[in-house]
Each structure stands twice: as C-alpha cells, then as structure tokens.
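# Task: produce atomic coordinates for the following.
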Amino acid sequence: MSASSNIMNTSSNATGTYIIIAASLTGLFTLLSSLFTTFLNNRFQLNREQQQWVRQLEFETEKDTRKQLSDSYSKSIYYLSALASTHQEWNASNYKTWEKNQEWYIEVTAYLTIILLNYPSTVNAGFNTIKQEIIDYLGINGNPTKLAESSRNLKNGLLTLMQSDQRINNISSQ
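Sure thing, here's the model as predicted:
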C-alpha cells in the first residue's frame, strides 16, 4: 500500500502544483491585461486633452483677433469723427488743435492699418473700395479741409464695412 499511497500522494502534489501554476498565470495575465487597459485609457485621455487644449487655444486666439479688430473699427471711427468735427479749428495759428489732430491722425492710421491687414477676403468689392479710400486718406495729412471731408467719407465707409464684417458680428455669439 505504500507504493499506491506514494503514487496518490505524488498525484495530489502534482495537481496542487498545476493549480498553483494556473492561478499564478491567470493572475499574471489579469495584471498584464489591466496594465495594458490602463495604458490605453491614459493614452486616449492624454490625446483628448491635447485636442481640447488646441481647440481652446484656437478659440482664444480667434476671440482676441476679433476683439482687436472690433477695437480697431471702433477707435478708427472715433478718431475719424473727431478729425471731421475739428477741421474748422485746425490751422497753423491754432497749434494746440493742430497738434491734437496730428495725434489723432497717427492713431487712426495705426487702426486703419490693422483693419487692412486683417481683412479676410480682398475679393469683396466693398472692401476694395474702402481699401482705396484708406490708402488715399493716408496720403492726405496736412490739408485740414480735405482731411475733414475724407474723414467723414471714410467713417461712413468703415461703418458699412464693420456692419457687414461677419467676424465682428459674431463676437457676441461666441
């Protein structure tokens, strides 16, 4: 009986060893599967966060550009209105008025340049007309009467252009 009991004991030890090996392999497979799943989830999450960051950055850049453009239109119209209304006082004998008008002219020049450089489509006929008026306007400095008249005309043209500029009209909806 001792030989039979040895075989039985060896068989039971072998079965226990197989169970331990199978349990270890199952645990190892579960661990590797869990690590791989976590890796894939983290990678997907990182990719999604990067895409969200890029979209947010694009949105902020577009919003800043629209705000700058809106400010440029508003300030251009303000300075053009001021220049158009003070042309009677602007002469060589009234140096203070002449100096202030020169400052306004410099300011409006900067804002008009921003509008010209940021306009999206040069195919627009309205824009091409205003563009030519702006270019003509920038060459007028020094003649108060002509500058005042051109300031009024350009202001009206800019108002029309601003009302049709979809980038400005979309500020409140963003």
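# Now for this protein, the helix or strand with the poorest mean pLDDT.
Of all helical and strand segments in the chain, the minimum by mean pLDDT, DSSP states H and E falls on helix 166-169, at a mean of 74.
# And the contacts of it?
Contact partners of helix 166-169, identified using CB atoms under 8 Å, 6 or more residues apart in numbering, comprise 65, 66, 69, 70, 73, 120, 162, 163. C-beta coordinates here come from the backbone N, C-alpha and C atoms, glycine included.
# Can you read off the pLDDT for the second one?
Per-residue pLDDT puts residue 66 at 84.
# Quick one: list the elements packing against the helix or strand hosting it.
Taking DSSP states H and E as the criterion, residue 66 maps to helix 2-85. If you count contacts as 3 or more CB pairs under 8 Å, 6 or more residues apart in numbering; DSSP states H and E, helix 2-85 packs onto helix 95-118, helix 144-164, helix 166-169.
# Could you measure from the residue nearest to the spatial centre of the chain over to residue 68?
Centroid check for the chain by CA atoms, centre = their mean gives residue 61 as the closest residue, at 1.9 Å. Separation of residue 61 from residue 68 (CB to CB, to the nearest Å) stands at 11 Å.
# cool, and residue 33?
From residue 33 to residue 68 the distance is 53 Å (CB to CB).
# Residue 21 now?
On the measure of CB to CB, residue 21 and residue 68 end up 70 Å apart.
# And for the nearest residue to residue 100 once chain neighbours are set aside, the neighbour number?
Spatial nearest neighbour of residue 100, excluding adjacent residues (CB to CB, 6 or more residues apart in numbering): residue 86 at 7.6 Å. By other CB atoms under 10 Å, 19 other residues sit near residue 86.
# just residue 164 next, same as before
Residues near residue 164, counting by other CB under 10 Å: 12.
# check contacts around it.
With CB under 8 Å, 6+ apart, residue 164 has these contacts: residue 126.
# still on that earlier bit, point out the least confident one among the contacts of helix 166-169.
residue 120 (75).
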